[in-house]
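> Would you be able to build a 3D model of this:
(one chain, ligands or ions: 1)
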Amino acid sequence: MQRVFSGIQPSGIPTLGNYLGAIRNWVPMQDTHESIFCVVDLHAITVWQDPKELAAQTREMAAALIACGLDPHRCILFVQSHVHAHARLAWIFNCVARLGWLNRMTQFKDKAGKDRESASAGLYVYPNLMAADIHAYHAVKVPVGDDQKQHLELANDIAQKFNHDYGVEFFPTIEPMIQTVAARVMSLRDGSKKMSKSDASDQSRINLTDDADTIALKIRRAKTDPEPLPEHVSGFEGRPEARNLVGILAGIGNTTPDAVLREHGGKGFGAFKEVLAEALVAHLSPIQAEMNRLLEDKGALDAALRLGAQRAAAIAEPIVTEAERLVGFLPR
Ligand code: TYM
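Below is the predicted model of the structure:
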């Protein structure tokens, strides 16, 4: 079975974007691939996180992933900081990656904003740690949302340079797996910005924990234009908000925007938003109930994560130790 790796930051409550773009696609992989999923707390602290909140959010993220269908017995689910191999390989990759490569990363530019001088050094080398996450397992497939594509290209550049510099074929080429429907879920307030757990406005996103009234209100208030829904996807041109809401319903219903428009094309947004809110509530409420149930027994959740870390370390430890040997580090 091919090995799959993916990660998610515990920097807030998972959003509908995380769910449709990533988490939901991880679930079926448990049956077809050797699947490794990680709550990436080292990545989260590249921007300030309140320590108490970070700990709570790390647990909540693990509970959310299990509630969405990840089964700690059928996949390896763990917390990044629990497996030291990630940080060790990331340091080696900091010395392999070139500044010019990192300077091209659009996510750093977006996240650092105008005041780049005050961004953390960790935010700058974020993609090197991400490359280490994947290569520490010799994983070959990485299911992510569209926004991570550039980071995965960099992970391949790093592997290639490592292999070349040390004259080995050690790290394999990785392949991104990006869904076609809902690969980039946009903000509900601005169709040109991606939906994000760290956006200042809670109205911009659906959190997996939002209750029925909150979901209905956020969808009702979602930005749209005055025209009715187009009859065909070609009518999305210049209408990013319409494209986004239709994409969300297609994602939730496991169908295509074309099929959604065949059913709802020509309707006004008022009527369509009601359908969308109802579908979201029906889809998310069982997940929320399961997440709350899991969070009632923190001991059991922590035990599952500890076991996940042991299984992850058993794979990553020999690979990273070999990378250290190739670099010329003296054996411990
Ligand atoms: P994070 O936590 O920002 O996002 C987790 C996953 O959710 C996807 N995603 C989206 N998909 C569609 N629409 C959106 N609006 C949206 N927002 C987020 C992301 O593409 C991602 O797949 N850097 C990674 C975490 C990571 C990682 C890794 C991923 C760390 N190490 C190794 C893969 C392999 C990230 O963006 O997390």
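> Let me see the contact set for the residue nearest to Q49 when sequence neighbours are not counted.
Nearest non-adjacent residue to Q49, counting by C-beta to C-beta, 6 or more residues apart in numbering: S11, 6.6 Å away. Quick note: C-beta positions are derived from backbone N, CA and C, even for glycine. Applying C-beta atoms under 8 Å, 6 or more residues apart in numbering to S11 gives the contacts A44, V47, Q49, Q57, K197, S198.
> how about 7 Å then?
If a contact means C-beta atoms under 7 Å, 6 or more residues apart in numbering, then S11 has A44, Q49, K197, S198 as its contacts.
> Same check on K193?
M186, S187.
> What's the separation between it and E241?
11 Å (C-beta to C-beta, to the nearest Å).
> list the buried ones in the host helix or strand of A316?
Following DSSP states H and E, the helix or strand that holds A316 is helix 298-327. By 16 or more other C-beta atoms under 10 Å, the buried positions in helix 298-327 come out as 301, 304-305, 308-309, 311-313, 315-316, 319-320, 323-324, 326.
> Over to stretch 201-208?
Under 16+ other C-beta under 10 Å, the buried positions of stretch 201-208 are Q203, S204, R205, I206, N207, L208.
> out of the residues you listed, who's nearest I252?
For those, the residue nearest I252 by C-beta to C-beta is I206; the value is 10.3 Å.
> Can you name the residue of the stretch 201-332 of the chain nearest the ligand?
R205 (8.2 Å; C-beta to the nearest ligand atom).
> For M177, which non-adjacent residue is closest in space?
Distances taken as C-beta to C-beta, 6+ apart place P143 nearest to M177, at 4.2 Å, with adjacent residues excluded.
> Show me which residues of the stretch 101-250 of the chain are close to the ligand?
130, 133-134, 142, 144-145, 147-148, 183-185, 194-196 (C-beta under 6 Å from any ligand atom).
> Just the ones of these in strands?
The strands, defined by DSSP state E, take in V142 from these.
> most neighbours, which of the residues of the stretch 101-250 of the chain next to the ligand?
I134 (30 neighbours; other C-beta atoms under 10 Å).
> Just confirm that residue contacts I174, I think it does.
Yes: in this structure, I134 is within contact of I174 by C-beta atoms under 7 Å, at 5.7 Å.
> Around K114, count how many other residues there are.
K114, neighbours per other C-beta under 10 Å, totals 7.
> what's the answer for D190, then?
Neighbour number of D190 under other C-beta under 10 Å is 16.
> Without its sequence neighbours, what residue ends up closest to it?
Nearest-residue entry for D190: K223, 6.7 Å, with adjacent residues in sequence omitted and distances by C-beta to C-beta, 6+ apart.
> what's the neighbour count on whatever residue of the chain ends up closest to the ligand?
Closest residue of the chain to the ligand, C-beta to the nearest ligand atom: G21 (1.9 Å). Using other C-beta under 10 Å, G21 has 26 neighbouring residues.
> was I right about it contacting M186?
No: using C-beta under 7 Å, G21 makes no contact with M186, being 10.9 Å away.
> next one: stretch 78-86 to chain centre, how far?
Distance of stretch 78-86 from the chain centroid (C-alpha atoms, centre = their mean, to the nearest Å) equals 17 Å.
> In CSV, could you pull the C-alpha coordinates for that stretch?
The C-alpha trace of stretch 78-86 is given here as CSV (Å, rounded to 0.1, in the frame of the first residue of the first chain):
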residue,chain,number,x,y,z
PHE,A,78,-0.8,11.9,16.2
VAL,A,79,0.5,15.3,17.3
GLN,A,80,3.6,16.6,15.5
SER,A,81,5.6,17.8,18.6
HIS,A,82,5.3,14.2,20.0
VAL,A,83,7.5,12.8,17.3
HIS,A,84,11.0,14.5,17.5
ALA,A,85,12.0,13.2,14.0
HIS,A,86,10.0,16.1,12.4
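> could I have the helix or strand harbouring Q107 exported to PDB, CA atoms only?
Secondary structure assignment for Q107, by DSSP H and E: helix 106-112. Below are the C-alpha coordinates for helix 106-112, written out as PDB (Å, rounded to 0.1, in the frame of the first residue of the first chain):
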ATOM      1  CA  THR A 106       3.000  33.100  -1.700                       C
ATOM      2  CA  GLN A 107       1.600  31.900   1.600                       C
ATOM      3  CA  PHE A 108       4.500  33.500   3.500                       C
ATOM      4  CA  LYS A 109       3.800  36.800   1.700                       C
ATOM      5  CA  ASP A 110       0.100  36.600   2.600                       C
ATOM      6  CA  LYS A 111       0.600  35.600   6.200                       C
ATOM      7  CA  ALA A 112       3.500  38.000   6.900                       C
END
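> what's the next secondary structure element after the one helix or strand Q160 maps to?
For Q160, the host element (DSSP H and E) is helix 149-166. Counting by DSSP H and E, the next helix or strand C-terminal to helix 149-166 is strand 175-177.
> And that following strand, what's buried?
Going by 16+ other C-beta under 10 Å, strand 175-177 has these buried residues: P176, M177.
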